[in-house]
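S.K.: Build the 3D model from these lines:
(chains A, B, C and D)
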Amino acid sequence: MKFGVVVFPGSNCDADMIYVIESILKQQVVRLWHKDTDLQGCDFIILPGGFSYGDYLRSGAIARFSPIMENVITYAEKGGFLLGICNGFQILCEAGLVPGVLLHNDNQKFNCKNVYISTENKNTLITQNCLPKQVLKIPIAHGEGRYYVDDNTLKQMKQNDQILFRYCSEAGQLSHLANPNGSVEHIAGVCNASKNIFGMMPHPERAADTNLGNTDGLYIFKSILGLVTA
Amino acid sequence: TIPVGSPETVETAGKLGLLPEEYDKIVQILNRNPNFTELSIFSVMWSEHCSYKNSIVWLKTLPKDGARMLAKAGEENAGLVDIGDGLGCAFKIESHNHPSALEPYQGAATGVGGINRDIFTMGARPIAQLNSLRFGNIHTQRTQWLMRGVVKGIGDYGNAFGIPTVGGEVFFDDCYEMNPLVNAMSVGIVKKGETASAISYGVGNPVYIVGSATGKDGIHGATFASADITEDSAKDLPAVQVGDPFQEKLLLEASLEVIKTGAVIGMQDMGAAGITCSTSEMSAKGEHGMIIYLDKVPTRQTGMLPFEILLSESQERMLVVVKKGQEKVIEAIFEKWDLNCTIIGEVTATKRLEYYMNGELVADVPAHDLVLGGGAPVYHREYKEPAYFAESKKFSISDVQEPSDLKEVMNHLVKHPNIASKRWVYEQYDSMVGTVNMSTNMPAAAAVVNLKETDKALAISVDCNSRYVYADPEIGCAIAVAEASRNIICSGGIGLAITNCLNFGNPYNPEVYWQFVGAIQGMSKACKKFETPVTGGNVSFYNQSTIENKTEPVFPTPTIGMLGILDTKRTFTGMAFKQAGDSIYLIGASQNDINSSQYLFSYIGVKNSPAPYFDLDKEYETQMVLRELIEQELILSANDCSDGGLFIALLESAMIHDLGFDIKTDK
Amino acid sequence: MKFRAEIDIMPLKALLDPQGKAVTQSMKNIHLSEITNVRVGKHISLEIEAPDKKTAESKVDEACKKLLANQIMESYVFELSEL
Amino acid sequence: MKFRAEIDIMPLKALLDPQGKAVTQSMKNIHLSEITNVRVGKHISLEIEAPDKKTAESKVDEACKKLLANQIMESYVFELSEL
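M.R.: Here you go, the predicted model:
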């Protein structure tokens, strides 16, 4: 399986993502430089975390118009698999590839810590292998992660099972206390209607190295590998 | 040829912070009177901030040598230590106190930017940051305004730049009310042989300025750092420096790429005194000169005068000297990263700096006479023991009645801002980017950072209890070094070397200088004992505040940043109790001593007491015993007793996994 | 011809505006509790080269729709003046 | 009487405006390179209860100086209208 990690000048989690895919999962991965247009025949493309263009104006607003993104959008609209994490999720929203928008956290502060997320929909490419573990401990690090979408779009998303993850307590309970940024219905990750474009605020690549004492993120990566190589 | 511009007088020199005898020395060096541009150059280069003129005499007495030293203190922008596996580690700590006192957000943010540039200008990629913050009383609006701004500034800059903040400390005392301390530390890794040096040689080699455009930011920033902060200083506020973390990220990636091409002769970041400092220091070190065309410098504002371009402290800029003929190689890389990259002059053999503006020579000065270790003045300051020192000796523990309600005492300590959790601060920092922070899921006494693709890890600690240093500078500073080492030992590492950020009051005040000298002597003893040489750092004087014309210095604060190594990750040791039933040991003899403790200072209210009991040899032995226990994998966790004493240390270890502890005392 | 545009971009009223709420809250701390309903948005100024005012107007509108404002969460208004 | 204030807070011209710079550069990507010199600041709207316009004006000015604008970095202008 060939992975492609898009590198914007302000990305800083691209190296972390490539380390997990290459050194931990032993998979092929290429860097897709924001000024290029060739997607090098990747099967799975990732928009990593970071501050793409310094995140001025709105997080991800400027990155959305970089040369590489034009081709990434067409690739995804034709059904190509695309995962946006944190800043990557913000870029997906700005590009309209997934519904909704990511606003400033309700406590008006950047927030970096471990949180717990429950996997809501088990039959998508990135969640189908999370069966044995309903609740995953995955770190977040963002200042604009409050997911918002209007009510009737939310209703459609629920009918079409597009909610991937919700913030919850360690025991899996949904509560205001467990919601780090005020996201509507504690949403932490969603996908598009045809379930090939995924966005999530938590960083699975930061929970994949045994040296760091938490590998819950591997469930998500193994899900991705699981379907295609099975 | 004589530069344009009328010769300047000793009065103007005074306005620029130069003493009359310093003006005479300039006239002697130039054997003519300097014009305004030249006088401005000397004023920033001979400011306390750049020349260390009132501290270099004592800094030289610090131990600098060690088997692992790749670059000795003062030689490069940051210390460089050999950590094995063909890798070098560059690390340094610096202060941005005065800018943060007036504009906390940008002051702190540009402090983070500056310290990281010192690291990557040597070719090292920063992998971890720490910071040491000191504020006044947490209940005042001023402190809350300063703290919100400083923490958000550090967070926004560091998070966007993409380097994890893995450790640090926050301390509150009324003495810092007007003049907070913001010390930022950065640690980077470089393959041996791929380092860059801050040097310039090779006649005809092009000199580039790269990165942000130049504006009127922080003019006289360098002398500004050495100026007093008085109650109404907000009025005469010079321009504030604004940080652009996105530009810094581009500069980091581009700089590391150009160094690898081998086309770079030397590189230095633009810190205080901007172009003046980088051109003169690099030239003096390479014993060459430069011709610089100031009109070629890309400026952000129109009509800037020569001295403004020379002194501007606009952020995110570097000076790069490139091998003749390699211009295209360099320019392509900066083009890739969308950065300005402009030739502004070339290297000459004259050992002098000739600055031109639109074809006119505006300044002609010798490089050597400008720089620290060259012609910059060196002063011996007198020092005198302050009255409070003898006064503090009068205190004895027998003066204090043991309180009846110990629970209330513990409640006071647990809630005290110096001891309570700092989560409100560090959760605003990205501590996990780079996926190297091993302390996230296993907290340890020091910050432990994984060295990917090796079996090693780094252990880093920033420490200074400035109340101890106030009580006795020599003992207090030795304790700061010992505490940093203790934290590293507790986490399974061993200390290699230190950097220091020396925050003191006015050096012309003999009682302040007594504190400075004592701290240096204590630091020397401890560094020799722990075999952790000093790789460099920063001196920040004039940390004080003047209210109703009474000047009070802050506590003497020699912040110590210690770098340690875990030769194998096997010895990584957390500080959390693991499970019920494990036995708890206290290593080292306890003393009947509450001197300068948080309990005595804030609960009992005795403000003036001696420094705590401290025996350097016993401290070293105790640490080596613990190291042996960890080497032989005989213990599950270790934590050091510091602020708040034994009870707080036990509480910290218990709370992580919601466990308790049952302690028997001799009563 | 050269024009200057002054653009105001405000969060949609329906949206929770924690920043506006926080600022309203802190008005009390500075004894200005008679100030209420504070809303915080962006003000953007720019210059545009265009043959006439109508073209300038449509270009600025395009910039707002495409980049400067995100219409899921913000509304925008702007004024154009000749330089 | 009730008034509404519309306040524009912009970074001082002399200071670096990283945000304005980044947005100006990205205009090329959306084929609007005729747009230049973008500057990004804050637009704040608020309501104020005051006996007359003059008092309202001085109160809003006080709010700007004390809280809304950081005068070291920003300048402010505002318009007042009766509700």
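S.K.: alpha carbons only for contacts and neighbour counts from here, please
M.R.: Fine.
S.K.: Can you tell me the number of residues neighbouring the closest residue to residue C:67 other than its chain neighbours?
M.R.: Leaving aside its chain neighbours, residue C:67 sits nearest to residue A:61 (6.6 Å; criterion: CA to CA, 6 or more residues apart in numbering or on different chains). Residue A:61: 26 surrounding residues under other CA atoms under 10 Å in any protein chain shown.
S.K.: how about stretch A:104-122: buried residues?
M.R.: By neighbour count on 16 or more other CA atoms under 10 Å in any protein chain shown, the buried set for stretch A:104-122 is A:104-106, A:109-122.
S.K.: quick one, what contacts residue C:38?
M.R.: Counting by CA atoms under 8 Å, 6 or more residues apart in numbering or on different chains, residue C:38 touches C:20, C:21, C:23, C:24, D:44, D:45, D:46, D:47.
S.K.: that's a strand at it, yeah?
M.R.: Yes. Counting by DSSP: H, G, I helix; E, B strand; the rest coil, residue C:38 falls inside a strand.
S.K.: Need the pLDDT of it.
M.R.: Per-residue pLDDT puts residue C:38 at 93.
S.K.: got it, and residue A:161?
M.R.: Looking at residue A:161, the pLDDT reads 94.
S.K.: Could you find the closest non-adjacent residue to it?
M.R.: The shortest distance from residue A:161 to any non-neighbouring residue, by CA to CA, 6+ apart, is to residue A:121 (6.5 Å).
S.K.: Quick check: the one you found touching residue A:160?
M.R.: No. Assessed by CA atoms under 8 Å, residue A:121 is found out of contact with residue A:160, at 10.2 Å.
S.K.: Name the helix or strand for residue B:619, please.
M.R.: Element membership for residue B:619, per DSSP states H and E: helix B:616-631.
S.K.: Other residues contacting that helix?
M.R.: With CA under 8 Å, 6+ apart, helix B:616-631 has contacts from B:478, B:482, B:486, B:489-490, B:492-493, B:526, B:529-530, B:571, B:573, B:587-588, B:635.
S.K.: how far does that helix sit from the chain's center?
M.R.: In this view, helix B:616-631 has its centroid 28 Å away from the chain centroid, taken as CA atoms, centre = their mean, to the nearest Å.
S.K.: Repeat that for stretch B:470-477.
M.R.: The answer for stretch B:470-477 is 20 Å, by CA atoms, centre = their mean.
S.K.: Would you indicate which residues of that stretch are buried?
M.R.: Under the neighbour-count criterion of 16+ other CA under 10 Å, stretch B:470-477 has B:470, B:471, B:472, B:473, B:474, B:475, B:476, B:477 buried.
S.K.: Show me the residues you listed that map onto helices.
M.R.: Among the buried residues of stretch B:470-477, the ones falling in helices (DSSP state H) are B:470, B:471, B:473, B:474, B:475, B:476, B:477.
S.K.: Let me have the contacts of residue C:38 in TSV, adding secondary structure as columns.
M.R.: What follows is the contacts of residue C:38, written out as TSV (three-state DSSP):
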residue	secondary structure
C:20	helix
C:21	helix
C:23	helix
C:24	helix
D:44	strand
D:45	strand
D:46	strand
D:47	strand
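S.K.: Which one of these is nearest to chain B?
M.R.: Distance to chain B, by CA to the nearest CA, is smallest for residue C:23 among those, at 14.3 Å.
S.K.: so who does the nearest residue to residue B:136 once chain neighbours are set aside touch?
M.R.: Excluding its sequence neighbours, the residue lying closest to residue B:136 (CA to CA, 6+ apart) is residue B:177, at 3.7 Å. Contacts here follow CA under 8 Å, 6+ apart; on that basis residue B:177 touches B:135, B:136, B:137, B:142, B:143.
S.K.: pLDDT score for residue B:177?
M.R.: pLDDT for residue B:177: 95.
S.K.: Distance-wise, check it relative to residue B:147.
M.R.: 11 Å (CA to CA, to the nearest Å).
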